[in-house]
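1. Fold the following.
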Amino acid sequence: MRTLATVLAVSLSMIAAAAQAQPADLPISASRSGPLPAGIKVGRIGGKAYYLDSRGRLLYGMDMRVLLPFGPDPAQHCTGDCAATWEPVLAPAGARPNIAFPQGFGGKAPPPPPPGFITQPQSAPDWTIIAGPQGPQWVFKGWHMVFIRRADSRSNRYDGAEERAWNTLKFVAPPPAFVAPGDVQAVAVDGGYVLADGAGRHLFTGVCRRDCASWQPYRGGMASAAVGPWQVARDGDVPQWTRGGQPVFVAAPETPGEVPAGARELRP
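-> Numbers count the residues shown, from 1 in each chain. As a prediction, this is how the structure comes out:
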């Protein structure tokens, strides 16, 4: 278990890195299945999918991890000037919190939580409820207390504001089911998914007609068995995976998210 000093050191390093990277925001992991809270929906702003309230206002998350150095309970951080700028998205009247923050920090095992509490924010469902300064309040992904910017309520320009404390709640669809060799993964890109190897290098197919150095075969093993439409061709210089009879290539290590001109990225 990490000590509080360790957690604070990690948080400070996150803040230092974030300060150098402004105005970039923190990524949001893919949505899990399950109903949305009442009054919250998915909509598009500027061609990107976000969580919105019933009035179409953009939801932001206040990342409690970033605020750890500024107080023992970041769930109580947004008061005063913060509350004048950010409107909390409160849970329905009578709702009971089911997540607490922080839990397990400080080097001692926490006391048993009340029945129904979720004590591991990193494994929390998408939407939970915490006791905020103004009452029970929605939390997204276990870390992000949900707010609306009182002014510019449809603007995403506050992404990464205050050293990444504030991040728009982007909707990332769950990856689709697919059949592929064991180290192939689905990577979210621009609202969709592409296939990549275990190192995150994008996979693609096509026919190279010039400058073929960047067309690196996606290697299989000599004894690799077929997986659905995937098979290993062994008639070239190296065993190479194919999908649907088409040779599969992998992006270069130095440019893992780029594919050569004329190539077609593989999608689930």
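
2. Please name the nearest non-neighbouring residue to residue 255.
-> residue 214 (8.0 Å; Cβ to Cβ, 6 or more residues apart in numbering). Heads up, the C-betas are built off the backbone N, CA and C, glycines and all.

3. where does that neighbour fall, phi/psi-wise?
-> phi -80, psi 0 (degrees, to the nearest 10).

4. my read: it touches residue 256, true?
-> No. Using Cβ atoms under 8 Å, residue 214 is not in contact with residue 256; the gap is 11.8 Å.

5. what's the spacing between the residue most central in space within the chain and residue 124?
-> Centroid-nearest residue in the chain: residue 29, 2.0 Å away (criterion: Cα atoms, centre = their mean). Per Cβ to Cβ, to the nearest Å, residue 29 is found 12 Å from residue 124.

6. Quick check: neighbours shared by those two?
-> Listed as contacting both residue 29 and residue 124 by Cβ atoms under 8 Å, 6 or more residues apart in numbering are residue 141.

7. so what are the domain limits for this protein?
-> The record's domain parsing of the chain by automatic domain parsing lists 4-168, 185-265.

8. mean confidence score for the longest one?
-> Domain 4-168 shows a mean pLDDT of 80.

9. Could you say which helix or strand holds the residue lying farthest from the centre of the chain?
-> The C-alpha centroid of the chain is most remote from residue 235, which lies 40.2 Å away (Cα atoms, centre = their mean). Counting by DSSP states H and E, there is no helix or strand that carries residue 235.

10. check contacts around it.
-> Neighbouring residues of residue 235 by Cβ under 8 Å, 6+ apart: there are none.

11. what are the ranges of the strands in the stretch 101-250 of the chain?
-> 127-132, 135-140, 144-149, 166-168, 185-189, 192-196, 203-205, 216-217, 230-233, 240-243, 246-247, 249-250 (DSSP state E, counting those that start in this stretch).

12. What's opposite the residue nearest to residue 135 when sequence neighbours are not counted in the beta bridge?
-> Nearest in space to residue 135, with sequence neighbours left out and distances taken as Cβ to Cβ, 6+ apart, is residue 90 at 5.6 Å. Going by DSSP bridges, residue 90 is paired in beta bridges with residue 137.

13. To what extent is residue 90 buried, counted in neighbours?
-> For residue 90, the count of nearby residues is 15 (other Cβ atoms under 10 Å).

14. Kindly report the same for residue 209.
-> A count of nearby residues for residue 209, using other Cβ under 10 Å, gives 7.

15. Three-state assignment for the residue lying closest to residue 150 once chain neighbours are set aside, please.
-> Nearest residue to residue 150 in three dimensions, chain neighbours excluded: residue 87, at 5.3 Å (Cβ to Cβ, 6+ apart). Following DSSP: H, G, I helix; E, B strand; the rest coil, we place residue 87 in the strand state.

16. going forward can the numbers begin at 464, since that is how I track them
-> Sure thing, new numbering starts at 464, so read that last one as residue 550.

17. Run through the residues that contact residue 550.
-> For residue 550, the contacting residues are 610, 611, 612, 613, by Cβ under 8 Å, 6+ apart.

18. Quick check: it vs residue 528, distance?
-> From residue 550 to residue 528 the distance is 22 Å (Cβ to Cβ).

19. rewinding a little: which of the strands of the stretch 564-713 of the chain sits closest to residue 536?
-> Residue 536 lies closest, by Cβ to Cβ, to one member of those: strand 590-595, at 9.5 Å.

20. Please name the bridge partners of residue 607.
-> residue 526, residue 603.
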